[in-house]
Structures are given as C-alpha cells and as structure tokens.
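K.L.:
let me see the structure of the following:
(chains A and B)
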Amino acid sequence: MAKITLMNVSKQYKGGAIQALKDINLEIEDGKFFCLLGPAGAGKTTTIKLIAGVEPVDQGKIFMDDQEVTHLLPNQRDVAVAFETYALYPQRTVRENLAFPLRAPIRRKEWSEEQIQARVEEIAKLLGIEDLLDRLPRQLSGGQRQRVALGRALVRKPKAYLLDEPIAHLDAKLRHRMRGELRRIQLELGITTVYTTPDQLEALSLADQMAVINEGKIEQVGSPAEIYQRPANVFVARFVGDPPMNIFHAELEDATLCLFGGKKLGISEPLFSKLASAAVEKSLIIGIRPRDIRVLSPSSAEALWRGQVKYVQVLGETSILTVSTDSYEVRIKVNSQEAPKRGEAVGLGFDVRDCHFFDPRSERRID
Amino acid sequence: MSLSAQTFRPVVSAQKTAFLSSRRLFTWLSYLLTALLVVLFLFPWLWVFSLGFKTRAEIMSPNIVWIWTPTLENYIEVLINKGYWRLIVNSLVIAVAAVALCIVIGVPTAYAFSRFPIPGKESWFYMILTFRMAPAVVLALPLYVLFARAKLLGTFVAPILAHCTFTLPFVIWLMRSFFDDIPKEIDAAAMTDGYSRWETFLYAILPLVKSGIVAVALFSIIFSWNEFLYGLILTSDATRPVASQIPSLIRPHGTLWGEVCALATTASLPVAFLIFALQRQLVRGLSFGAIKG
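P.N.:
Sure thing, here's the model as predicted:
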C-alpha cells in the first residue's frame, strides 16, 4: 500500500510531436480508490504507464510513499497493471496467465505450487472465468480476455493496482457486477487503486477521489461530490453529468442577470459584486444541470424561457427533454410521469442558486 | 418475360462453359509449369545421384548409360577407404557450433534492436545487414591473416567464427522482425508482473518466438553446412568440412567423378532430410505474424 505522487510530470511521444501529458501534479492518497476520468486520447493510459514505469518520464518526478521511483523499473515498483489492450501471453492458457505474476522469480519463495493454484482458482471464480482456465487467449471473446487481464492484476497484493479501463469491454450487466466486485475487493484489501475510465458515471460511483483529465492536463481533482457539485471549469461541467450541463451566455445588468430571450433574473448584492469583478464586459458563462430546470406552463409568471419540446427520451424512471427556445437547445431531466409530450409548448424556470458561473475567457469557475 | 428468359439462358451457360474451360486450362498450365520447374531443379541433383552409383567406365562412356547395375564402390572408396566419413562429422561440428553461437548471441541482440532506444539504431542495424551482403571472398584474406596470427588456422575455431560472419547478421536480421511482431505491451505486462528485463525476455518473449528460432537455426545450419570457401582455406585435413573437400578428388590424372558424386550425395542428404522433416516448422516460422496472440 502506498501513496502515489506525481510532480510536474510531462511526457511526449514521437520526439515531441505529441505532448501526451503536460505538467501533471497528482497526489493519490494511500488506500484510496482513485479514478482518472477523461475522454479518449486525454492521457489516461500514458499516466498509468508512467506510474507503472513501463515508459520513461520526460520531465518531473514520481514518488511512491516518500521514495522516488521515477527511474525504477516496473518490477522494482511492485504495482499490478491491467492493460487496456489486455497484453495476455498468447501461448499460455488462462490458468498460466493468471499464475504468471505469482511465478516471477522474485516471488519464488513466497508462493508454493498449491498456493498458486488455489489463488488462481479463487480469482477465476471471482471474475466468472473458472470454466475458461484451460483455454488460450485467442479462444476467448474480448470481454473474457479483459477479465483475464484484470485477474492477472488482482491475483497478487501489490502496493498499488493500476487498472486501465479494466471493464470497458464487458457487457452492461457484467460491467455493473464487476464494478461492485472491484469496489468490494479494494475496500477489503485497502490497496491504493488508480482506475481510468471515459465513463463519468463509473468514476462518480467508484471513486474516493477522482481527477478529470483532458488533452494531457488535469482539469480538476476532488471527491466525486465536489466534482459534480462544483465543477472547476466548463470542460468538467460538460463532461461530468449525464446529460451534460446546459451552458449559455448571460449579461450582468444592474442588479440582474440578463438571460437570452431578454428575461432578467434578480440576484443578491454579494453575488452581483462577485460576478461583476470576474465578468468580462459584463458577459458571463452560466451552467445549469438538466435536473435543476423546472418545466412550467408556458404562461407561468416564473417561466424564464418559453420553448417547444423537440425530443423526449425516456430512460425508465426519468426522461430527458430537449426543448428548443429562441437561441439555445436546453436539456432537462424530469420524472417520466411528469414529462410533457413532443411538440408541446413549455415554460422553463430555474433558481439562481442552482447556477454555475464561469469566467468567459478562462472558462474557470467563479466562486 | 418467358421469351427473354428462354433466349437468355443459353447465353449464360455458354459463358459459364467458356469460363470453366478457361479455368481448367489455367489449372493445366500451372501444373505444366510446376512440372517444368521440378525437372529443372531436380535434374542436376538426379544426375549427380545417379553418377555416384556408376562405375568409372559407365561415367566416361561417350553415350549416356541409361540402364546399369548400381554399384556402391564409389561410396566405399571415398567414405571408408579414404576415410572421408570423418568430414561429415567435421561439417556437423562446425555448423552446429557456429549456429549455436549465433543463436545465443544473435537472439538477444535482435531483441535489443527491437526494444531498446539505441542511438543510431537503424544505421547499426543496416551495417550489420551489410556484412551479410558482402561476398565471402572479401573477408577470406583478412580472416586468413587474422586466424594465422591468432594461431587458430586449422582448428575448428577458425571456420566456426568465420561462419558467424554471415550467420550472425542473418539471425539478428530475421529474429528482429519476429520480435517486432510481438506487441510491446507483452513486455510491459511481464515487467509489471514482477519480471526483470532479462527474465521478461526469457519467460515471456522467448517462448513466443520458438518456431522462429527453429526456422532461423535451420537456415543457418544449411548455410554453414554448404559453405565452401572458409571451410577450404581456414582448415586443415583434420578439420575440413565435407563440402570443401570435394575438390581434392580432382586429381592430376583426372577427376574421380564417381567419388565426387558419391561424396556430394552424402553431403546433401542430411540437409535434404532436415528440410523434409521440419518443413512445417520452416513455413510456420517464416510466415511472420503467425505468432501474434
């Protein structure tokens, strides 16, 4: 178990043509489940590879606990990795793949043959691959291979697990179950885990701490609640939350916010002065979550906007409405029973307390 | 409707027959070509093979003798009376030792070329490859002087090392492409599984190129076995490989064709046998990418 620290870490590929990571600073606390959330190509896999020591760091330092590991080889770092590309040993059976880490010469004294077999069976059962133990990787489906790759990481108890999208290729039901299993194992063993995913829901539901990464830069670090409730910038606001946050421009006027469509929203004096000092030529970016918008009758006095329901997407209990107003399409999450019909005219209202404000130039949150 | 169908149908079947017969023709042509090639390649070998079983009179006869009683006298004379069977052992010692040495050195070198960021890597790699391209004669004289100074002339060490000059580049060159075919993630996985760089090579990567190593070793053994020049000039009578000894049967009073052919046949048999026995392995080893997981 270990705390993992990345200090000003940068990484380039192809002789500097591709800047994969830019000046990354991260502190992953001991024993925590840490999710690295970001879109494809954000630098998640690169981060995992650098922590594992599989690729050299160009600039910066990596520490595990207080020991610098920047120049240590992977086998000297004692981390277990589940690779996104599986990287199974093609000529070995599933059983031998799972046993491979336990058979490493440095662990020869720790594990007897019986212990190895018992541990392999245990892990296989956990991942539901006990019937596949004598198959070769090429005889497995993608999801099965991914479980073997995950099993090869979980089979031992290292200082840290580094899991690179470890359940991305499983079907939805199995993925849900594996998510629960992973969280349970991690809580049981208390081993520091770094877990990458492009799926914000997965990150929010699994992580103790998480970071949002985009184009090689860390956008925000925090608990899932912090990230969801107080996104640090427009990117995080849009990326975390499904459907994404509604983002639009507004003007500050006297003691009011002028929204599109000309409606004015009264705001308190302290909020006004705070926004006024951050606004650029009175302009601001406002974000509001789909579930924070209320659907009203079009004639309601509270309605800030009026529009027409363009689509209704029913997700079981809740439904996502797409309402087109004069200038923007607004997404709203409502209870399915209360959902208006497609084509219906509606009024929309929200509370200023639910608004997120962002600086229009830096796109950073205004607090 | 029915009319057009009726008029249309014969046209189709005519086209079909034309197509079929042209396909059959193509098949027959390819058989013919194959047969021609087989005859072309097999004829010299059959000629040598048959001469080995003829008497000197039959060989020297102005008319080709098609039917004769095979004799073993050439074989007995050259292998037993002249004692040349020992040369087969010499060839074996030289080829096996040279190839073993080249595999032991060349396979890890190829792995290093495939995986490590060596400065000027590609230039080094093509330099090594160039050694393979050089004709043997270019190195013959320098090697002769070198081994003479080192007092290694006439020992097995001289031809073994000399054969490495062409076998080693071959091993490095071919093995690198096998290693290049293995995703680097496999190395990464083994190293994070707790294996050192060397153990990763040994336990995770080497098992993946087994068939490649067999194919490369086989080719190298054949190169070494058939090598003539170094075997001739760097060895003594006691250490000479079989291929290089054949010219000794060209005597001032005439060439002993029967013995030449008997010795040549004996020398080719192990190679022919090797290729035949390991045919599948060879093809599999040489079809790159077959080892991908």
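
K.L.:
surely residue A:231 meets residue A:237?
P.N.:
Yes - counting by CB atoms under 8 Å, residue A:231 does reach residue A:237; the two are 3.9 Å apart. Bear in mind the C-beta positions are built from the backbone N, C-alpha and C, glycine included.

K.L.:
need the residues touching each of those two.
P.N.:
With contacts defined as CB atoms under 8 Å, 6 or more residues apart in numbering or on different chains, the residues adjacent to both residue A:231 and residue A:237 are A:245, A:287, A:356.

K.L.:
ok, those vs residue B:269, which is closest?
P.N.:
Here the nearest of the shared contacts of residue A:231 and residue A:237 to residue B:269, counting by CB to CB, is residue A:245; it sits at 80.3 Å.

K.L.:
contacts only, for the closest one.
P.N.:
Residues touching residue A:245, when contacts are defined by CB under 8 Å, 6+ apart, comprise A:231, A:237-238, A:287-290, A:356.

K.L.:
most surrounded residue in these?
P.N.:
The member of these that has the most neighbours, counting by other CB atoms under 10 Å in any protein chain shown, is residue A:237 with 27 neighbours.

K.L.:
how near is that residue to chain B?
P.N.:
From residue A:237 across to chain B, the span is 35 Å (CB to the nearest CB, to the nearest Å).

K.L.:
same question for residue A:39.
P.N.:
On the measure of CB to the nearest CB, residue A:39 and chain B end up 22 Å apart.

K.L.:
which residues touch that residue?
P.N.:
Residues counted as contacts of residue A:39 (CB under 8 Å, 6+ apart) are A:198, A:214, A:239.

K.L.:
rerun that using 6 Å as the cut-off
P.N.:
residue A:198 (CB atoms under 6 Å, 6 or more residues apart in numbering or on different chains).

K.L.:
mind checking the SS state of it?
P.N.:
For residue A:39, the reduced secondary structure class is coil; criterion used: DSSP: H, G, I helix; E, B strand; the rest coil.

K.L.:
please enumerate the helices of the chain.
P.N.:
As the question left the chain open, I've gone with chain A. Taking DSSP state H to define them, one finds helices in chain A at A:44-52, A:94-99, A:113-127, A:142-154, A:172-189, A:200-206, A:224-229, A:234-239, A:269-278.

K.L.:
um, chain B though
P.N.:
With helices called from DSSP H, chain B shows them at B:2-51, B:56-60, B:73-75, B:85-115, B:121-133, B:136-149, B:157-180, B:184-192, B:197-199, B:210-226, B:229-233, B:242-245, B:257-277, B:279-286.

K.L.:
can you say which of those is nearest to residue A:331?
P.N.:
Ranking the helices of chain B by distance to residue A:331, with CB to CB as the measure, places helix B:184-192 first at 39.4 Å.

K.L.:
what is the burial count for the residue of the stretch 251-367 of chain A found nearest chain B?
P.N.:
Taking CB to the nearest CB as the measure, the point where the stretch 251-367 of chain A comes nearest chain B is residue A:363, at 36.0 Å. Residue A:363 sits with 15 neighbouring residues when counted by other CB under 10 Å.

K.L.:
with the one 4 residues further on instead?
P.N.:
Residues within reach of residue A:367, counting by other CB under 10 Å, total 9.

K.L.:
hmm, residue A:232 and the residue of the stretch 251-367 of chain A closest to chain B touching each other?
P.N.:
No - taking contact to mean CB atoms under 6 Å, the distance of 9.6 Å between residue A:363 and residue A:232 leaves them out of contact.

K.L.:
find the nearest non-adjacent residue to the residue in the stretch 101-250 of chain A positioned nearest to chain B, please.
P.N.:
Of all residues in the stretch 101-250 of chain A, residue A:104 sits closest to chain B, with a separation of 3.5 Å (CB to the nearest CB). Spatial nearest neighbour of residue A:104, chain neighbours left out: residue B:194 (3.5 Å); criterion: CB to CB, 6 or more residues apart in numbering or on different chains.

K.L.:
what's near enough to touch the one you found?
P.N.:
Going by CB under 6 Å, 6+ apart, residue B:194 touches A:75, A:101, A:104, A:106.

K.L.:
highest neighbour count among these?
P.N.:
Looking at the contacts of residue B:194 with neighbours defined as other CB under 10 Å, the largest count falls to residue A:101 at 24 neighbours.

K.L.:
which residues touch that residue?
P.N.:
By CB under 6 Å, 6+ apart, the residues touching residue A:101 are A:155-156, B:193-194.

K.L.:
returning to what we had before: could the helices of chain B be laid out in a markdown table, adding mean pLDDT, distance to residue A:144 and mean neighbour count?
P.N.:
As requested, the helices of chain B are arranged in a markdown table below (pLDDT from 0 to 100; distance: least, CB to CB, whole Å; neighbours: other CB atoms under 10 Å in any protein chain shown):
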| stretch | mean pLDDT | distance to residue A:144 | mean neighbour count |
| --- | --- | --- | --- |
| helix B:2-51 | 77 | 43 | 10 |
| helix B:56-60 | 85 | 68 | 14 |
| helix B:73-75 | 92 | 61 | 19 |
| helix B:85-115 | 95 | 29 | 20 |
| helix B:121-133 | 88 | 38 | 13 |
| helix B:136-149 | 91 | 53 | 14 |
| helix B:157-180 | 93 | 27 | 22 |
| helix B:184-192 | 94 | 17 | 23 |
| helix B:197-199 | 94 | 27 | 14 |
| helix B:210-226 | 90 | 25 | 21 |
| helix B:229-233 | 92 | 54 | 21 |
| helix B:242-245 | 90 | 54 | 22 |
| helix B:257-277 | 89 | 38 | 18 |
| helix B:279-286 | 72 | 26 | 15 |
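
K.L.:
many thanks, I have nothing further to ask.
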